[in-house]
Every structure is written in C-alpha cells, then in structure tokens.
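**Q** Need the 3D shape of this:
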Amino acid sequence: MQLARLLFPSAILLLALSACGPNYVYEKSYDIENGAWAYADTLPFQFEIEDTNTIYNLWLEVDHSTDFGNQNLYTQIHTQFPSGQRLTELLSLELANKAGQWFGDCNRASCTLRIPIQQGAYFDQAGAYQITLEQYMRRSPVEGVDAIAFRLEATGEQR
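**A** Residues are numbered from 1 along each chain as shown. Now for the predicted structure:
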C-alpha cells in the first residue's frame, strides 16, 4: 500500500511532464556522411500546412564535432511555397561565441545545438512546402558537421 501511494503521484508527474514537451508537427533529420557536408548535398524538408491560422516555430538542430574549425556555419535556406514561389536567404548558424566556446549540449567529441530560425511564424497558403538547406561555406566539403535536423513546432496559438 505504501508503494502504491508513492508510485501514483510519480506516474501523474511523469505524465504531466511528458505532455508539456514541444508539439512538433514535422521533423526530419539527415546524417551527414563522414561528417563532410558538400555543396551538392542539399537537405530537403517537405511538409504540409493545413491550418493557415496556426502560429509555428521553426528550428534547426545541428550536430557537429568539437573539432569543427569555425564559429559559425553559413547556409542558404530555400523556401518553396505551394504557389510555386521560391525565396532564398543566407543564414549564419552561430555555433560558438567569439571566445570559441561552443553553444549547445557538448561532450568531448561533439555538440548538439537547437537553433531557432523563425519564431511566431504563420503560413499564408495551405498546401505543400519545401525547405531546402545547403551549406554555403567557402569550401566544400565542410568538415565536422555530423547531422542536421529541421523541426516545425505548432505553438498552440492562433493569429
């Protein structure tokens, strides 16, 4: 009976904590072969938007080696809209501060950093979207990038 009194509140707490996590409506990850991301290795992320009133957060997650030789990782992000329109933006992913200390969750060999690329976004058009990410550094391949993930989070808010 004493054990049941301890387990029941613990189970309720665990259930409550698990319900409070992010609400990802889309997520996809790519492992970068041999940690070498070449110009030709574009990363497409395709998702559907049905509700144009929902507000979203867009995230990138970068896994990289602690031997990565730069403070940031330059990328180009291409957005293809359901209408066929395509936008391209240069995006610098800041992986370390000016003193060279890595951001994110790091161990001796690697770091994982979740980067917000757009907060409070909404999509004007219902339909299929594609976001394509490509590395845009001065060299190809860029060494030390192990994986890239994209996540689309529904905030639960409406515009």
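**Q** Name the residues of the longest strand seen in the chain that are buried.
**A** Counting residues, the longest strand found in the chain (DSSP state E) is strand 145-158. For strand 145-158, the buried set under the neighbour-count rule, 16 or more other CB atoms under 10 Å, comprises 145-153. Bear in mind the C-beta positions are built from the backbone N, C-alpha and C, glycine included.
**Q** How many residues are close by Glu48?
**A** Using other CB atoms under 10 Å, Glu48 has 11 neighbouring residues.
**Q** Check Glu27 too.
**A** Number of residues near Glu27 (other CB under 10 Å) recorded here: 15.
**Q** List the buried residues for the helix or strand where it lies?
**A** Assigned by DSSP states H and E, Glu27 belongs to strand 24-31. With burial defined by 16+ other CB under 10 Å, the residues of strand 24-31 counted as buried are 25-26, 30.
**Q** same thing with stretch 73-93?
**A** Neighbour counts over stretch 73-93 (16+ other CB under 10 Å) mark 73, 75, 77, 80-81, 91, 93 as buried.
**Q** Not counting that stretch itself, show me its contacts.
**A** 49, 60, 62, 64, 72, 95, 113, 115, 117, 125-137, 142, 145 (CB atoms under 8 Å, 6 or more residues apart in numbering).
**Q** Can you flag the buried ones in these?
**A** Buried members of the contacts of stretch 73-93, counted by 16+ other CB under 10 Å: 49, 60, 62, 64, 95, 113, 115, 117, 129, 131-137, 142, 145.
**Q** For Pro116, which non-adjacent residue is spatially closest?
**A** Nearest residue to Pro116 in three dimensions, chain neighbours excluded: Trp59, at 5.9 Å (CB to CB, 6 or more residues apart in numbering).
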